[in-house]
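Enquirer: after the sequence you'll find the predicted model.
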Amino acid sequence: MKKHFLKIVVLLQCVSLIGCSSNDQSSNDLHFNEIIKGNIAKITSRNSGTGLLYSITDKKKIDRFVKTMDSTTYTKVKAYEPVTGNSSLKLFNENNVEISSITSNGKGVYHIGEGYYKLNNDIDAKLGSFYKEFYSSENLVNE
């Protein structure tokens, strides 16, 4: 009886270890809301091609952006060489305090806040649709 009990305990420990080790890979994957802390109430960007400033505060547009960014997971990577000519998005909370910025290197790696993250799924088409709407005359800031 003791031998059977001991075998069951050892078997349960092995299953537990195997289960924990299989989760290690996915524990490196981060979701957008784990990288960006706080609620986004405003997004701004100065278009690198024109120098014009764009801004949105529309909750539906911001939610669409967040949903797009949350449709993939991210893996933290080492810093990359900066790419010139890319526009950065600045994210602000409801108190108009900047909570983060986002810049792409064009190769699926984003500088978000203080870290660098590789997208684990391609969301370029969805982001392209967001950017097309974002950089429209409707969101242009008159300076």
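Expert: Nice, I can see it.
Enquirer: quick one, strands of the chain?
Expert: With DSSP state E as the criterion, the chain has strands at 29-30, 42-46, 53-56, 74-77, 89-92, 98-104, 109-112, 115-119.
Enquirer: elements contacting the shortest one?
Expert: Which is strand 29-30. Helices and strands touching strand 29-30, by 3 or more C-beta pairs under 8 Å, 6 or more residues apart in numbering; DSSP states H and E, are strand 74-77. Where you see a C-beta, it was placed from the backbone N, CA and C, and this is true even at glycine.
Enquirer: also the fifth one?
Expert: Here strand 89-92 is seen to pack against strand 42-46, strand 98-104 when contacts are counted using 3+ C-beta pairs under 8 Å, 6+ apart.
Enquirer: for the first one, what does the pLDDT average out to?
Expert: By that I understand strand 42-46. The pLDDT scores in strand 42-46 average 97.
Enquirer: now swap in stretch 134-141 and tell me
Expert: On average, the pLDDT along stretch 134-141 is 96.
Enquirer: ditto for stretch 105-114
Expert: Averaging pLDDT along stretch 105-114 gives 85.
Enquirer: span of it from start to end?
Expert: 15 Å (C-alpha to C-alpha, to the nearest Å).
Enquirer: give me the buried positions along that stretch.
Expert: Within stretch 105-114, the residues that count as buried by 16 or more other C-beta atoms under 10 Å are 108-112.
Enquirer: circling back: looking at the helices and strands packed on strand 89-92, which is nearest to Ala125?
Expert: Ala125 sits nearest to strand 98-104 of all the helices and strands packed on strand 89-92, at 13.9 Å, using C-beta to C-beta.
Enquirer: residues contacting Leu119?
Expert: By C-beta atoms under 8 Å, 6 or more residues apart in numbering, Leu119 lies in contact with 72, 74, 108-110.
Enquirer: I'd like these written out as TSV, with distance to Phe92 added.
Expert: Formatted as TSV, the contacts of Leu119 follow (distance: C-beta to C-beta, whole Å):
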residue	distance to Phe92
Thr72	23
Tyr74	21
Gly108	25
Val109	24
Tyr110	18
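Enquirer: just to revisit the earlier point, got the buried residues of stretch 105-114 as JSON lines, with distance to Leu140 columns?
Expert: Putting the buried residues of stretch 105-114 into JSON lines (distance: C-beta to C-beta, whole Å) gives the following:
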{"residue": "Gly108", "distance to Leu140": "29"}
{"residue": "Val109", "distance to Leu140": "29"}
{"residue": "Tyr110", "distance to Leu140": "25"}
{"residue": "His111", "distance to Leu140": "25"}
{"residue": "Ile112", "distance to Leu140": "25"}
